[in-house]
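Q: need a structure here:
(chains A and B)
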Amino acid sequence: MGLRARRMGLPESIIAAACARSGQRVLHVDARNYYGGNWASFSFSGLLSWIKENQQKTDIDECEDWRKLILENEEVISLSKKDKTIQYVEDFCFGDQDSAEDVEEAGALPKLPVFGASGAEGAAQESEKECPPAEGALPGAESREPDKAGGTEPASATEGNDTEVTSENDSSQNMALDESSLELGKTEAAPSKIPAQEPKKVTYCQIVREGRRFNIDLVSKLLYSRGLLIDLLIKSNVSRYAEFKNATRILAFREGKVEQVPCSRADVFNSRQLTMVEKRMLMKFLTFCLDYEQHPDEYQDYENSTFAQFLSTRKLTPSLQHFILHSIAMVSETDCSTLEGLQATKKFLQCLGRYGNTPFLFPLYGQGEIPQCFCRLCAVFGGIYCLRHPVQCLVVDKESGRCKAVVDHFGQRISANYFIVEDSYLSESVCTNVCYRQISRAVLITDQSVLNTDSEQQVSILMVPPVDVGKPAVCVIELCSSTMTCMKDTYLVHLTCPSTKTAREDLEPVVQKLFNLNTEKETENEELEKPRVLWAVYFNMRDSSGVDRNSYVGLPSNVYVCSGPDPALGNDCAVKQAETIFQEMFPTEEFCPPPPNPEDIIYDEDEIAPEETGFSNSPETKPESSSEESSSRGTTAVKKEDNEK
Amino acid sequence: MAGGEGAGSGAAECREHLFKVLVIGELGVGKTSIIKRYVHQLFSQHYRATIGVDFALKVINWDSKTLVRLQLWDIAGQERFGNMTRVYYKEAVGAFVVFDVTRGSTFEAVSKWKHDLDSKVLLPNGSPIPAVLLANKCDQKKDGSQNPSQMDQFCREGGFVGWFETSAKDNINIDEAARFLVENILANYKSFPNEENDVGKPKLDLDPLKAESKSQCC
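A: Modelled structure (predicted):
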C-alpha cells in the first residue's frame, strides 16, 4: 500500500493524515522548503525571501536524465516545476528602510562550533549534506537577513542577538492540555504592561529585528465555530496540536467610518449605538432568521428578489440593513437571493456562542499552523515528509492507464498506488481546458487598530462593501499581537477578495480609506486618526478551487487533484475536498477517527508486527543509513487499552 | 504548557508540573529506545519506526513537594529529512539531542538539530530551551575519538547544558540524564515562573463540547 501526496496545502495534509491514520503508508513531498504550500505562514524575513523568490521567477534547468528510467510500456506526464500561482507581487515600506540596513533578526543563530576544530577526526562537515539540495535554492528563511532596498546580497546572520529578544510573549502561551477538547487561548489577552501610555512608534528596523514574532499567512481565513474544519479538528483530535483565539468583534465600514456590529444577544442589548427601537427590530429579525424555514410566509414573496431588497421590506433602519447584509450574512448586495441571505445569516447565528461572542476562531501562530497539525498526525502514524524534494513526472502504465510511480529530482522512481497532486504541479498540457480565477491579497503591518477601544488585543473582521457595483466586497481581518502573528505594538491586517484586476488595483482603494499611507511628515490632520501602514505587500494568488476534475486532460484515475486555497472566509471547501478524495480512494474506511490517547497505549514486547514491504524504491538511498532504515521500519506493536466507557 | 501547572495555593503544598521535552537526533540513534527504557523500563533490539504515538508520559515524584509529569515527544516519521513542524517544537521546555557513538555522522548532525531546535522554539524569556546531549549506544564500540574534555568544550560552545554517555540497552545514565534535564527546567521555571499556567487563574473553558462529551460517556 503506498500513497504519495505532493505539496503540503491544507487538503493534501488532511488527506495524508487520514490515509496514515487508516494504515496507509504515506510519503509527502514538496519542492519547497516549508510546509503548507500556498497555505503557509512566514516570519517577516521568511516572507521577504518568499517575495523575492516570486518576483524573480528564476528559470529552472531541465534535466532529462530521468527519461532513461521510463520503460517501453510506460508514458510520462511531466509536472510543472515552476510555481505560477503567485503573480503581481509588490511590496512597500513606509518607514526609513535605510536605518534597517545593518539590523539582523533577533534569534538568528550563530553557526554552531563543529567539534574537533583543533584537528580531531571526523569533523568539519557541513551537516546540511544530509538534506537534498534545494532547487531554486531558497536558503533557510529563518537564518536569512532580509534584503534591503539596495538589493545587496543578503548575508547569513552570524551574530546572536539573544539579549535583544524581549519577553512580551510570556503570557498567552496556553497549550491545549486537555486532549479531549479544543482549547482556546486566553481570550482576554494580557493587558498592556505599560498602561495609559502613548502607543510606541514601531520602526521598520524593529520589525526586522523582531521578525520572528511575525507569522504572516499567505491565506487569510477564519474558522467558523461550527464549520467542517472545527468538527474535523475535534473528531481527529488534531485540535490537541493547535490553540485558538476568538475573533473578538465584527466591524462594519459605513459612511467612511468603522463601527462595531452588535451581533450576539449580549452585544445587541449592550450596544450604545442602537436605539431601543433598533434593538428590538434587530433581535426580532435575527430570531426569525434562526428558524426562517418554519416561517415561509415571511419570505416567500421575496424568493425571486435579492436579500438586500428583502431586508428593505423588513422594517429595519438603513444601518441595521447594512449590518445584516455586509457584516452578518456577508453577502453581495446585488446578486444574493433572499434564501441564500437567510441561509448565510442563520449559519452566522448558529456559530455564535459556541466559543465566544463571535462565530469565528483564529489559530494562534496563524492559519499556516493548521496544515502542519495534520502533517504531525500523519507523521505520528508513519507518514514520511520530504521538503526540498522536486518531482519530475508521473509514470503511467500504457496498458492499464494507471499511474505507477513518480520520478523525482534525483532520478529515482518511487512507486505507489495512489497519487495526490496539487493543481499547481500540473503542466500546461494537462490544464489547457482549465480556466482559473484569482484571489487578490494584501498584507499590512500597521501601528494601531482600525477601531481603538479600551482593549488593544482585538481580533476583528471587517467586510468592506464594494466601491463600484459589480465589484466584490473586501474582507479585512485585523490580528493583534496576542495571536502570535505580529510583534507587540503592531497589527497584522489581511485583505482578501476575488480578483478583478491586480491585487494592488483591487485592494489599494480600500487600504487608502482605512489607513494612512503617508510618511509621518506629510500627514495631514484628518489622516492622523487612521492607523499608519508601516509595511505592505500585495499579490495575486491562483484560485484553483471549483475546477472540475474532468477539465484536466489525460490524468490517470488514481491521480487525485487538490486545489489551492479558495477565497471564501471559512475552510469548508478544503475539508470537503479532502473528505471526498479520501472516500473515493478508500470507500470503506473511516475519515480521521480519533487516535488512541498516548497515555492509554501499552507496549507489548511479544506483538511486534511482521516487517512490511515498503515502497519499491525508497527515497533514501544513503548507503550509510540504509541498514538502519530496514531495521527501524514497519510498525511497533501498539495496543490501545480499552478505556472508553 | 510552557511552564507547567502549579497546583495548590500555599507554597507548602504539592506543586505539579507538566513539561514537554523533545527527543531529537538522526534516524536510528536510539531515541525511541531511550524513551521506552525510561518510561516503560523496556528495551528491545527490534524497535520499529514510531507509529501512532505522539508522546510518552513519565511521572516523577521529584521531591515531597513536587510532582513532575514529563511528556517525551518522539519525532515520528518526519525525522528522515529533519523537516520538523513547529507543532512539534511548540511549547517545549527541554530537549535531548541524541547521537550514536558508533556512527560519527550522527554526531556531525547534532549541530544541525540544535540549530533547528533553537530557531523554532525559545523559552518565554527569549533564551534557548535547555538541551542535553546524549551519546547513546555507549555499550558498543565507538566511532571517532571524542574525549570528555572535548565533549565538555563542544557542549559549552554549542549551547548544551551538559552531556551523558548513555545506553538504552544496558540502562546506563538514562535516569541521570533525565534528572539533570529536569533540574535545569525547574531552575528556569523558578527564575521565570509562567503565571499563565498557574491554576490560581480561572481557566477559560469555552468549549461546550467538552461538557457534552463528559456527560455522555459517564
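
Q: low-scoring stretches of the chain, by residue?
A: Assuming you mean chain A. Counting by pLDDT under 70, chain A contains low-confidence residues at A:1-3, A:5, A:57-64, A:98-102, A:106-200, A:519-528, A:597-645.

Q: to clarify, I was referring to chain B.
A: Those would be B:1-13, B:42-53, B:76-83, B:144-145, B:191-218, if you go by pLDDT under 70 across chain B.

Q: secondary structure class for the nearest residue to residue A:317 once chain neighbours are set aside?
A: The shortest distance from residue A:317 to any non-neighbouring residue, by C-beta to C-beta, 6 or more residues apart in numbering or on different chains, is to residue A:278 (5.8 Å). Using the backbone N, CA and C atoms, a C-beta is placed for each residue, glycine as well. Following DSSP: H, G, I helix; E, B strand; the rest coil, the label given to residue A:278 is helix.

Q: how much space between residue A:412 and residue A:82?
A: Residue A:412 sits 22 Å away from residue A:82, going by C-beta to C-beta, to the nearest Å.

Q: looking at those two, which one has more neighbours?
A: Neighbours were counted for residue A:412 and for residue A:82 using other C-beta atoms under 10 Å in any protein chain shown; residue A:412 has more, 19 against 13.

Q: all strands of chain B, in order?
A: Ranges of strands in chain B, per DSSP state E, are B:15-25, B:55-63, B:66-73, B:94-100, B:131-136, B:162-165.

Q: pull the distance from the longest one to the chain's centre.
A: In terms of C-alpha atoms, centre = their mean, to the nearest Å, the centre of strand B:15-25 is found 5 Å from the chain centre.

Q: who wins for proximity to residue A:366 among the strands of chain B?
A: Across the strands of chain B, the minimum distance to residue A:366, taken as C-beta to C-beta, is reached by strand B:15-25, at 20.5 Å.

Q: each with direction, which strands does the closest one pair with?
A: Neighbouring strands of strand B:15-25 in its sheet, by DSSP bridges, are strand B:66-73 (parallel), strand B:94-100 (parallel).

Q: take those and write them to JSON lines, including mean neighbour count.
A: Written out in JSON lines, the entries for the strands paired with strand B:15-25 read as follows (neighbours: other C-beta atoms under 10 Å in any protein chain shown):
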{"stretch": "strand B:66-73", "mean neighbour count": "20"}
{"stretch": "strand B:94-100", "mean neighbour count": "25"}
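
Q: per-domain residue ranges of chain A.
A: Chain A resolves into domains spanning A:2-80+A:365-432+A:545-585, A:264-351 when parsed by the TED database.

Q: let me have the ones you listed in JSON lines, extended by distance to residue A:486.
A: Output for the domains of chain A, formatted as JSON lines (distance: least, C-beta to C-beta, whole Å):
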{"stretch": "domain A:2-80+A:365-432+A:545-585", "distance to residue A:486": "9"}
{"stretch": "domain A:264-351", "distance to residue A:486": "24"}
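
Q: among these, show me which one is buried the most.
A: domain A:2-80+A:365-432+A:545-585 (a mean of 21; mean count of other C-beta atoms under 10 Å in any protein chain shown).

Q: go ahead and confirm the residue nearest to residue A:317 touches residue A:320.
A: Yes - proximity of residue A:278 to residue A:320 meets the contact threshold set by C-beta atoms under 8 Å, at 5.9 Å.

Q: other residues contacting the helix or strand where residue A:574 lies?
A: Secondary structure assigned from DSSP states H and E places residue A:574 in helix A:572-585. The contact list for helix A:572-585 (C-beta atoms under 8 Å, 6 or more residues apart in numbering or on different chains) reads A:3, A:9-12, A:14-15, A:18-19, A:224, A:227-229, A:232, A:418, A:420, A:545, A:560, A:562-563, A:565-566, A:589, A:591.

Q: now stretch A:540-552
A: Everything outside stretch A:540-552 that qualifies as a contact, by C-beta under 8 Å, 6+ apart, is A:38, A:84-88, A:218-219, A:423-424, A:426, A:430-431, A:433-434, A:436-441, A:498-499, A:502-503, A:555, A:561, A:563-567, A:573, A:577.

Q: ok, back up a step: ok, the residue nearest to residue A:317 - contacts?
A: Here residue A:278 is in contact with A:317, A:319, A:320 (C-beta under 8 Å, 6+ apart).

Q: let's see that with 10 Å instead.
A: A:262, A:268, A:271, A:316, A:317, A:319, A:320, A:323 (C-beta atoms under 10 Å, 6 or more residues apart in numbering or on different chains).

Q: out of the residues you listed, the closest to residue A:457 would be?
A: Residue A:457 has its nearest neighbour among those in residue A:262, at 20.0 Å by C-beta to C-beta.

Q: ok, and the closest non-adjacent residue to the closest one?
A: Nearest residue to residue A:262, sequence neighbours excluded (C-beta to C-beta, 6+ apart): residue A:271, at 4.1 Å.

Q: now do the contacts for the one you found.
A: Residue A:271 sits next to A:260, A:261, A:262, A:263, A:278, A:279, A:282 when contact means C-beta under 10 Å, 6+ apart.

Q: and the helix ranked longest in chain B, how far from the chain's centre?
A: As assigned by DSSP state H, the longest helix anywhere in chain B is helix B:174-191. The gap between where helix B:174-191 is centred and where its chain is centred comes out at 10 Å by C-alpha atoms, centre = their mean.

Q: and the residue nearest the centre of chain B?
A: For chain B, the residue lying nearest the average C-alpha position, counting by C-alpha atoms, centre = their mean, turns out to be residue B:21 (2.4 Å).

Q: quick one: the residue nearest to that one when sequence neighbours are not counted from chain A, how far?
A: Counting by C-beta to C-beta, 6+ apart, residue B:21 lies nearest to residue B:94, which is 4.6 Å off, once chain neighbours are set aside. For residue B:94, the distance to chain A (C-beta to the nearest C-beta, to the nearest Å) stands at 15 Å.

Q: does residue B:94 touch residue B:161 like I think?
A: Yes - taking contacts as C-beta atoms under 10 Å, residue B:94 lies within contact range of residue B:161: 8.9 Å.

Q: which neighbours do those two have in common?
A: Among the neighbours of residue B:94, those also in contact with residue B:161 (C-beta under 10 Å, 6+ apart) are B:129, B:130, B:131, B:132, B:181, B:184, B:185.

Q: of these, closest to chain A?
A: The closest of the shared contacts of residue B:94 and residue B:161 to chain A turns out to be residue B:131 (C-beta to the nearest C-beta; 11.3 Å).

Q: what bridges to the closest one?
A: The residues listed as beta-bridge partners of residue B:131 by DSSP bridges are residue B:95.

Q: wait, doesn't it sit right on residue B:155?
A: Yes - counting by C-beta under 10 Å, residue B:131 does reach residue B:155; the two are 9.2 Å apart.
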